[in-house]
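[1] Generate coordinates for the sequence data below:
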Amino acid sequence: MYTLAVCAELVFRDLPIEERARRIHEAGFQVEIWDWTRHDLNALVRTAAEFSSMTGHIRGTLADSDGAAELLRTAEESIKAAEHLGCPRLNLHGTGLDSEGLPVVPVTGDAIGEMWITAHRTLTRLAELGESAGVTFTLENLNTAVDHPGVPFARAADTFSLVAAVDRPGLRMNLDLYHAQIGEGNLIELVRRAHGAGLIGEIQVADVPGRCEPGTGEINYPAVARALTDLGYDGTIALEAWPSGDSHTAMDRFRAAFTL
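    Below you'll find the model as predicted:
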């Protein structure tokens, strides 16, 4: 059976991050964080929470040489932070995102061939780093229509292609179904394809529109949960959503959607 996690960056936002992590842990979930450099790692360790995922680099990009070198260098720093927290997965995107979720290095149109080659080379090196350290890097799909215009390799089809091409255990997909619904749809078939290829490292969820918890929008998450159960998915499903009201209620609705 899969494990449920909650992103501490989006719930209990009036509280310090360590208190958010403690409350998520006490509610029976694993904890996801984003930029670890903004947090007191020792305080997070003292919460006794189990961490599921964190940002896997501080700066850099996948698809240009200078940016890739910086991404790899800061990924090594992130690995040390992950080891301190006992966090098994390190997440990344096609480029870094600013405080508004916009790409640090945006692209216009689709990524060109040279960008794919550089991204493949960078991801292969990241996978090697992860394997040496015993952690997994996950490449997350995003959407460019609503939240993250200009991000390269944003579609789940892109992240699938890159992870499959690298074909190493140190790199997997972070399959974000909120972003995929906006960009591509056909979520259950997408899950089946990615799971069948053995490429899923984690799944993230929120509803559409609004990016709130399951049950607030158009996605039939109980049907997704049944499909994942039928497939035998035993990884992590993380709520990365704004609460539509109270944070405890949002977490309860998330749990209910994925409890068969």
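
[2] where along the protein do the strands fall?
    Ranges of strands within the chain are 3-7, 30-32, 51-55, 89-92, 136-140, 171-176, 200-205, 236-239, based on DSSP state E.

[3] Dump the ones you listed into a markdown table; add mean neighbour count, distance to Tyr221 and mean pLDDT as well.
    In this view, the C-beta of every residue, glycine as well, is placed from N, C-alpha and C. Listed next are these as a markdown table, based on neighbours: other Cβ atoms under 10 Å; distance: least, Cβ to Cβ, whole Å; pLDDT from 0 to 100:
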| stretch | mean neighbour count | distance to Tyr221 | mean pLDDT |
| --- | --- | --- | --- |
| strand 3-7 | 23 | 12 | 98 |
| strand 30-32 | 25 | 18 | 98 |
| strand 51-55 | 25 | 18 | 98 |
| strand 89-92 | 25 | 21 | 97 |
| strand 136-140 | 26 | 18 | 98 |
| strand 171-176 | 26 | 13 | 98 |
| strand 200-205 | 24 | 7 | 98 |
| strand 236-239 | 25 | 10 | 98 |
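
[4] In a markdown table: those, plus distance to Val107.
    As requested, these are exported to a markdown table (distance: least, Cβ to Cβ, whole Å):
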| stretch | distance to Val107 |
| --- | --- |
| strand 3-7 | 26 |
| strand 30-32 | 27 |
| strand 51-55 | 21 |
| strand 89-92 | 16 |
| strand 136-140 | 16 |
| strand 171-176 | 19 |
| strand 200-205 | 23 |
| strand 236-239 | 27 |
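
[5] Go through those strands and name the closest to Ala68.
    Taking Cβ to Cβ, strand 89-92 is the member of these nearest to Ala68, at 11.4 Å.

[6] Please name every helix or strand in contact with that closest one.
    With contacts taken as 3 or more Cβ pairs under 8 Å, 6 or more residues apart in numbering; DSSP states H and E, strand 89-92 sits against strand 51-55, helix 65-85, strand 136-140, strand 200-205.

[7] Same list, these, but as a markdown table with distance to Arg192 please.
    Listed next are the helices and strands packed on strand 89-92 as a markdown table, based on distance: least, Cβ to Cβ, whole Å:
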| stretch | distance to Arg192 |
| --- | --- |
| strand 51-55 | 22 |
| helix 65-85 | 30 |
| strand 136-140 | 19 |
| strand 200-205 | 11 |
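
[8] what's the closest of those to Ser161?
    strand 136-140 (10.3 Å).

[9] so how far is the closest one from its chain's centroid?
    7 Å (Cα atoms, centre = their mean, to the nearest Å).

[10] what does that strand rub up against?
    For strand 136-140, contacts defined as Cβ atoms under 8 Å, 6 or more residues apart in numbering pick out 53, 56, 75, 88-93, 123, 126-127, 129-130, 153, 159, 162-163, 169-176, 179, 201-202, 204.

[11] before we move on, what about stretch 57-75?
    35, 37, 56, 77-78, 90, 92, 94-96, 104-105, 111, 114-116, 118-119, 121-123, 125-126, 129, 137, 152-153.

[12] Any stretches of the stretch 1-150 of the chain with poor pLDDT?
    Along the stretch 1-150 of the chain, the model assigns pLDDT under 70 to residues 108-110.

[13] same thing but at 80, please
    The model of the stretch 1-150 of the chain has pLDDT under 80 over residues 95-112.
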